[in-house]
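Participant: The sequence isn't on hand, but the structure is:
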């Protein structure tokens, strides 16, 4: 990798990206290569189709939603900084979180931000709440065909009921985090290679 | 559920077989009173029949000797198979102990029977049978099923560890045992250094693949997996090479006057043998790949070619005293990629299954021999030797693991943690290889062979059982930090979602490796090798027909099982739901949790999953099919909405036509239920497009697929089967820009199975998806994808 060090200069805005995401130089370089590899026609940005061509995502039940999460706010083009920003959520949490400047925005890979990222997979209409309907849809995606509709509906009911505290029939972000407080999110949503 | 009914069955039939075996052996004892030779020489496959003349023509005769050897061999194999069936029926067992333990037990059982009935003639395993017939299938199988990419990525560490590890272990155990032997009190004074070194070398043949299945549940990371797999793969070869060199030494110098020149020559020979073997293997691999290019008209001989060439590589290497094992491994690795693309689908399946079958037969036979040896009179028990052997095995393995990995960690991007190293240390299970090498020691050179055999057996039993059984819990203990308490349904769902999410993001990140070398190799491969070795005009029809089979069969099944007929789910049902959340009893919650656990899709495994004794189960393929079909339906649904243009466009896809055939039946019930739909079903109120999927002409471009980003919220269309879920992606709640818009731009072909060659990086993803979907996606040259980047508001989200 040594000889490719000079290529860091090819990455636009590399410093601001580094600051924002916290990736190391080497990781950024690798991600950049990956970005370029995915960008088949050398457009300089990624479109949905480029991501859809990742075969393994096609057989991921949440593949479409994952792709959609790369394109927030209806944009159609994903540039490198957007790409990296999403991936930054999956960086392992740094150990030195003890002393952090409270004025700075939370790092992208903090627990809250990871949860927020996961939350947006459920909450398609971005209203800050997972309605029962949205929960049902996610459930449908993730479950095999043998489960009947009735069972799905009752599972959905139960899920919402368990998490919903204020009784509005939907799960807000706070309720979501609360229901997962015992879980080791950091480990579940961290990818080792993204140091 | 099945446990109770089936377990009594298999022991029953096992007993029947045992009785048959005993009966046949007993009767054969009777027959042996005639002058047929009771001891079968190793090479004599056919026993002489009785030559006592009969006086009358007998109406009923029994000639057991004629069929004895094949008969017994078949019985043994059947017995082992039945045991395996029973083993897998019991759901908990496979997670508890490795399958090799089972085989050892079966072997011991057969050995016990043979010993007990004083039967004298199991076919004795000798050197040529083992090396020529029993060993190659085992090695071929592990070489063939090895995942190439992770192997090559970690090749440095694997070679370092397997090669040096074997050497260190062999020398260490040999030397320390020699020192122990010097201590006069143990009665081992006559063991020379060479003998102990040889013993050390045969003990270094580790078979950790046997335990891979046991800790697969804990999902160890890919590198660890590969190291263990690679070690299993190369270890056999290396220890056999070492063994042969040392045997040659022993033959030459019976009196321990070895000069340094000889030692140097030995080292040089080691390297030459290893590299020469690999070289041979690669050559044969290329030849066989080349030949399979021309076999499309006689696909029945394709498996034959594959097997014969691999075997030939082994034999050719052995002729020159090169390492046949490494040759056959290299052959399998080289030819696999090209052969898989050239060969027809059925041949591919045949090759896989036949390989597994052969290797499993071989291994079973070896374990049976081992069992027969165990229970017999050929033992020499020496407490000191055996105990020290055991101790030294463990110690030296620990030393080699920690020392070697300490060094290799300095050079690795992702170092192995101490936890990983502990797992590697603990997975040092000895298997059939060690036993065979011990058994085949020439008695003339090793007067104390029995001692060696006994000690080897003890080590094998100990490591296989004790380490094999405890490694699963150990790995799980090391991996799982939190206690495994029951999770709520919420948590389960979210955990699974996050696992899927993580797997998806990992796929987006791709595999990071050393770019340059890999890129260069891929370029070379692409430019030269593939052109030579791969059949031209890879039939797209194979993909098409495959996909067609996929969908047709699924659709037909669904119709037949009546999933779709239960579409008349009332809306009233839904209305009921909205009111009041009923309190659910704990049993309900339990059952819900059960449903969830059993039915949620598995996360795609990124680590290759290799089971030595079985081929990957079909569930992941089924799952992948379901997911793919569901996405297709989403697509199709969204296409249905835009009824204007796409049908006229000649960019129809073959598969849509095929899909429509059963699909059209399914459309009808849906229509009716649509009527009472509430109006928030966007766009569904408008007229349905005529079911003219067949209208678009087919250009056979499977890749072209129309896809809109908008998905139709057919959410209020409850269906019995979730497979035909249309638009379960809620279109962001707001409008989809559908009907009426110029859908010209919407025709954005989306290749679902994209080219392997397209971009070197992404070849790997297709491999992953391909294995998941259980199909072989043939390489497509990069076709024009016609990226119509659609600017229409169709693709806007809000």
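Facilitator: That came through, no problem. Bear in mind that the values here come from a model prediction, so they are computed numbers and not experimental data. Numbers count the residues shown, from 1 in each chain, chains lettered A, B, ... in the order given.

Participant: Show me how chain B divides into domains.
Facilitator: B:127-361+B:376-478, B:492-557 (the TED database).

Participant: which of those domains is buried the deepest?
Facilitator: With neighbours defined as mean count of other Cβ atoms under 10 Å in any protein chain shown, these peak in mean count at domain B:127-361+B:376-478, which reaches a mean of 20. In this view, the C-beta of every residue, glycine as well, is placed from N, C-alpha and C.

Participant: Tell me the span between the first and last residue of that domain.
Facilitator: 42 Å (Cα to Cα, to the nearest Å).

Participant: Now do the SS call for the spatially closest residue to residue B:379 that is not a sequence neighbour.
Facilitator: The shortest distance from residue B:379 to any non-neighbouring residue, by Cβ to Cβ, 6 or more residues apart in numbering or on different chains, is to residue B:454 (4.7 Å). Following DSSP: H, G, I helix; E, B strand; the rest coil, residue B:454 is assigned to helix.

Participant: helices or strands up against the host helix or strand of residue B:73?
Facilitator: Assigned by DSSP states H and E, residue B:73 belongs to helix B:64-89. On a contact count with 3 or more Cβ pairs under 8 Å, 6 or more residues apart in numbering or on different chains; DSSP states H and E, helix B:64-89 meets helix B:2-6, helix B:9-31, helix B:93-96, helix B:99-116, helix B:345-374.

Participant: can you tell me the helix or strand for the residue sitting nearest the centre point of chain A?
Facilitator: Residue closest to the average C-alpha location in chain A (Cα atoms, centre = their mean): residue A:117, at 4.7 Å. Element membership for residue A:117, per DSSP H and E: helix A:111-122.

Participant: OK, contacts around the residue nearest to residue B:379?
Facilitator: By Cβ atoms under 8 Å, 6 or more residues apart in numbering or on different chains, residue B:454 lies in contact with B:379, B:380, B:381, B:382, B:386.

Participant: Which of these fall in helices?
Facilitator: residue B:386 (DSSP state H).

Participant: Let's have the contacts of residue B:454 in a markdown table, adding pLDDT and distance to residue B:411.
Facilitator: Formatted as a markdown table, the contacts of residue B:454 follow (pLDDT from 0 to 100; distance: Cβ to Cβ, whole Å):
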| residue | pLDDT | distance to residue B:411 |
| --- | --- | --- |
| B:379 | 79 | 46 |
| B:380 | 79 | 45 |
| B:381 | 82 | 45 |
| B:382 | 82 | 43 |
| B:386 | 89 | 39 |
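
Participant: Looking at the contacts of residue B:454, which is nearest chain A?
Facilitator: Within those, distances to chain A taken as Cβ to the nearest Cβ reach their minimum at residue B:386, with 42.5 Å.

Participant: Settle this for me: that closest one is touching residue B:456, isn't it.
Facilitator: No - Residue B:386 is beyond contact range of residue B:456, at 9.7 Å (criterion: Cβ atoms under 8 Å).

Participant: how near is the residue nearest to residue B:379 to residue B:461?
Facilitator: Distance of residue B:454 to residue B:461, computed by Cβ to Cβ, to the nearest Å: 11 Å.

Participant: How about residue B:442: what's its closest non-neighbour residue?
Facilitator: Nearest non-adjacent residue to residue B:442, counting by Cβ to Cβ, 6+ apart: residue B:247, 7.5 Å away.

Participant: That neighbour touches residue B:198, doesn't it?
Facilitator: Yes - with contact defined as Cβ under 8 Å, residue B:247 reaches residue B:198; the gap is 6.9 Å.

Participant: Much appreciated, bye for now.
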